[in-house]
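Engineer: quick check, what structure comes out for this input:
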Amino acid sequence: MRIGELAGIVGVTTRAVRHYHRTGLLPEPPRQPNGYREYSLRDAVELARIRRLVELGLSLDEVKDVLADDAGKDLVEILTELDADLARQEEAIRQRRARLARLFEQAERTGRLPAEAPVSPELAAVFDDMARASAQVPGPEPAMAAKERQLLALLETGSPGGDRGWFNGLMHAFRADPAAMRRAYDVYARMDELAEAAEDDPRVERTARAIVDSIPDEALRAMRLPAAGAEEAGDGFSDAFFSDFAPAQAAAVHRAIELLTERAG
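Structural biologist: Residues are numbered from 1 along each chain as shown. As a prediction, the model looks like this:
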């Protein structure tokens, strides 16, 4: 048999056969005087078994172990490991579908998904509250509110399962106390006003104190505030964070951190 006939019988491509040759999975038969490979029925049997093992989900290295006479693992052991791996994948898919279902439910309930989606159900609920609070405020939503949603989505994504006590406290406070959301929107409006202001504008201090007053004690207790002088030293994230603000806005946040450090002390 020529390679095309072999591939056709087993139901694979000639490219796959050549790949199995290159990886040592399928021995390459000697070439005939005319330069063509001549395959036997035994080659077809081996190739068919390779295909069946690959379709089970085994990697080519695992298939090689199964076919090798001196394999460290027998087929039952490899298939047991494969079954456990498939079970893990199945659970991961179940969780992903559950998240999708919650997103569909949210879209059906609110008529839309936030621009930052997908996020956790807890953060999505906070975003819903923000949308309701924004609807009660005259005029367009403060630009700082949209920036806050982006930051919250980033922080939630960047610390899954990590030190999130302050984050969870903030989410709980927003949900449990309607006044907390109103205070937050007051801060957003004040920060917007600083977009074109000078760093020594008197509103900087007032905005900093409003930021401090808007942070619930529950979240503050779980925060890791920078030690004295550490904030000025900066790091990559801090530099990027503050560079995203106008000078007066950054000054207000810096001052708020000073006030929070004093309050925590």
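Engineer: what sits against the residue minimising distance to the centre of the chain?
Structural biologist: For the chain, the residue lying nearest the average C-alpha position, counting by C-alpha atoms, centre = their mean, turns out to be Thr157 (5.5 Å). Contacts for Thr157 (C-beta atoms under 8 Å, 6 or more residues apart in numbering) come out as Val119. Using the backbone N, CA and C atoms, a C-beta is placed for each residue, glycine as well.
Engineer: how close does it get to Thr80?
Structural biologist: 35 Å (C-beta to C-beta, to the nearest Å).
Engineer: again, but for Asp239
Structural biologist: 50 Å.
Engineer: which parts of this structure belong to which domain?
Structural biologist: 3-68, 73-113, 114-264 (automatic domain parsing).
Engineer: which ones are touching Thr207?
Structural biologist: By C-beta under 8 Å, 6+ apart, Thr207 lies in contact with 187, 190-191, 193-194, 252, 256.
Engineer: what are the buried residues along stretch 144-156?
Structural biologist: 144-149, 152-153, 156 (16 or more other C-beta atoms under 10 Å).
Engineer: an error on my part: the question was meant for stretch 14-31.
Structural biologist: Per 16+ other C-beta under 10 Å, stretch 14-31 contains these buried residues: 16-17, 20, 25-26, 29.
Engineer: and it, how far out from the chain middle?
Structural biologist: Computed by C-alpha atoms, centre = their mean, to the nearest Å, the chain-centroid distance of stretch 14-31 equals 40 Å.
Engineer: ends of that stretch, how far apart?
Structural biologist: 16 Å (C-alpha to C-alpha, to the nearest Å).
Engineer: what does it rub up against?
Structural biologist: Counting by C-beta under 8 Å, 6+ apart, 3-4, 6-7, 37-40, 43, 46-47, 50, 60, 63-64, 67 sit against stretch 14-31.
Engineer: that older thread, could I get the domains of the chain as JSON lines with mean pLDDT?
Structural biologist: What follows is the domains of the chain, written out as JSON lines (pLDDT from 0 to 100):
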{"stretch": "domain 3-68", "mean pLDDT": "89"}
{"stretch": "domain 73-113", "mean pLDDT": "81"}
{"stretch": "domain 114-264", "mean pLDDT": "79"}
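Engineer: C-terminal to the lengthiest helix in the chain, what's the next element?
Structural biologist: In the chain, assigned by DSSP state H, the helix with the most residues is helix 75-110. Downstream of helix 75-110, the first helix or strand assigned by DSSP states H and E is helix 121-135.
Engineer: for Met144, give its distance to Ala184.
Structural biologist: From Met144 across to Ala184, the span is 10 Å (C-beta to C-beta).
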